[in-house]
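Chemist: Pasted the sequence and its predicted model underneath.
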Amino acid sequence: MSIDELDIQQKARDFIKQVDISNIRDDLSPYLTAAKVKLHFEKLNEGESGYTFTKSDGTHSVTVNSLETPERQRFTICHEIAHIVLGLPSSHDGIPAWGFAKRDVNEIMCDMFAAELLMPYKLWSDIVPNEEPSLELIQKMAGYFKASFPAAASRYASLCEIPCAFVTMNRGNVLYASRSNALRQARAWISPRSVIPVGSVASRLRCLGKNSTETGSVAQDVWFDNWENGYDMWELSRHYADTDTTISLLWFGLEDLPDVPETDRFGVGVRNYDGLAELTGELPWPGRQKRR
């Protein structure tokens with residue numbers, strides 16, 4: 001089953017239209033009211049973030065682990081609301097205790113929905129700095145929305161105008177990669193369940209076997225399948241040793257986007273980038289990577 005990111009995005013934004021989000025950074029209750037949810041906090045087992053019980057009258061009871069961090073609790077609330085609104089069953093067994101690291105397709109969809117609720121598009125667009133990605137920028141956005149670093153990094157990748165991707169990895173394998181519109185239109189692809197590529201910053205950090213964060217320059221074709229070589233990009237990676245989870249934010253300027261051949265409706269290769277024309281205005285910062 002393929003994941004339709006745009007469909008999930010639209011469903012979440014339609015739901016958000018029903019509520020007043022002016023104070024959503026501090027109070028998620030408008031979402032709870034709209035989804036007919038009563039919230040409870042209990043001490044749950046380690047790694048169990050929360051669950052939902054639906055009553056016969058159509059209302060829902062969401063229980064959240066009171067032992068987890070406030071950032072995690074907020075994400076869990078939005079994630080459980082996603083299950084309710086999307087009508088998707090839960091599959092929470094054996095997963096790391098933070099968002100965007102779930103193997104089950106339904107859980108990934110609900111993580112996407114939750115990110116839309118936790119960091120609404122309009123609020124995000126109004127305050128995101130007009131500058132190159134960095135550790136400091138992602139930390140700033142995570143702090144503003146009271147979200148985790150991985151959630152904020154994934155949100156940044158999905159909404160920025162430059163070619164950008166966020167990759168979640170666990171136990172040495174890629175779980176999922178979210179991409180910006182520019183990368184989707186260029187058909188850049190990172191295979192899920194593939195091994196973390198040798199030569200990546202993520203691979204190097206995982207080999208160290210400790211909590212660490214690093215930014216470095218890597219070849220674009222290290223990450224993207226069937227990609228033209230000779231181009232570089234930046235990779236901001238963080239490894240969480242306790243769960244053997246690694247995340248990476250990948251990006252480069254539009255001027256460093258290789259000429260990826262497209263095909264027409266007959267399958268014939270063409271070089272027509274009209275679809276990217278709307279995104280090729282002046283970058284808010286100078287491009288840092290040139291063709292080698």
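Modeler: Arrived safely, thanks for sending. Numbering: from 1, shown residues only.

Chemist: C-alpha only now, for contacts and for neighbours.
Modeler: Will do.

Chemist: so how far is Met109 from Pro163?
Modeler: Distance of Pro163 to Met109, given as C-alpha to C-alpha, to the nearest Å: 22 Å.

Chemist: More neighbours: which of the two?
Modeler: Shown here are Pro163 and Met109; by other C-alpha atoms under 10 Å, Pro163 has more neighbours (26 against 23).

Chemist: Contacts only, for that one.
Modeler: Pro163 is in contact with 179-183, 251-254, 257, counting by C-alpha atoms under 8 Å, 6 or more residues apart in numbering.

Chemist: what's the answer for Glu5, then?
Modeler: With C-alpha under 8 Å, 6+ apart, Glu5 has these contacts: 109, 112.

Chemist: and if you look at the one 4 residues further on?
Modeler: Applying C-alpha under 8 Å, 6+ apart to Gln9 gives the contacts 112-113, 116.

Chemist: picking that back up, between the contacts of Pro163, which is closest to Ile127?
Modeler: Ser180 (18.3 Å; C-alpha to C-alpha).

Chemist: Which pLDDT value goes with the nearest residue to the closest one once chain neighbours are set aside?
Modeler: Nearest non-adjacent residue to Ser180, counting by C-alpha to C-alpha, 6 or more residues apart in numbering: Ser158, 4.5 Å away. The model reports Ser158 with a pLDDT of 92.

Chemist: Check Asp93 too.
Modeler: With respect to pLDDT, Asp93 scores 52.

Chemist: quick check: domain ranges of the protein?
Modeler: Domain assignment for the chain by automatic domain parsing gives 5-122, 160-279.

Chemist: Identify whichever of those lies nearest to Ala142.
Modeler: Among those, domain 5-122 sits nearest to Ala142 (C-alpha to C-alpha), with 9.1 Å.

Chemist: all helices for this structure, in order.
Modeler: Using DSSP state H, the helices of the chain run over residues 5-16, 29-34, 70-86, 105-118, 121-127, 135-145, 149-159, 181-185, 201-208, 220-223.

Chemist: Rounded mean pLDDT for the first one, please.
Modeler: Translated: helix 5-16. Helix 5-16 carries an average pLDDT of 93.

Chemist: how about that helix: buried residues?
Modeler: Neighbour counts using 16 or more other C-alpha atoms under 10 Å place 8-9, 12-13, 15-16 of helix 5-16 among the buried residues.

Chemist: How about the residue positioned nearest the centre of the chain: what's its closest non-neighbour residue?
Modeler: Centroid-nearest residue in the chain, with C-alpha atoms, centre = their mean: Ser154, separated by 2.7 Å. What sits nearest to Ser154 in space, not counting adjacent residues and going by C-alpha to C-alpha, 6+ apart, is Phe166, at 5.3 Å.

Chemist: For beta bridges, what are the partners of that neighbour?
Modeler: Beta-bridge partners of Phe166, counted by DSSP bridges, are Ser178, Leu249.
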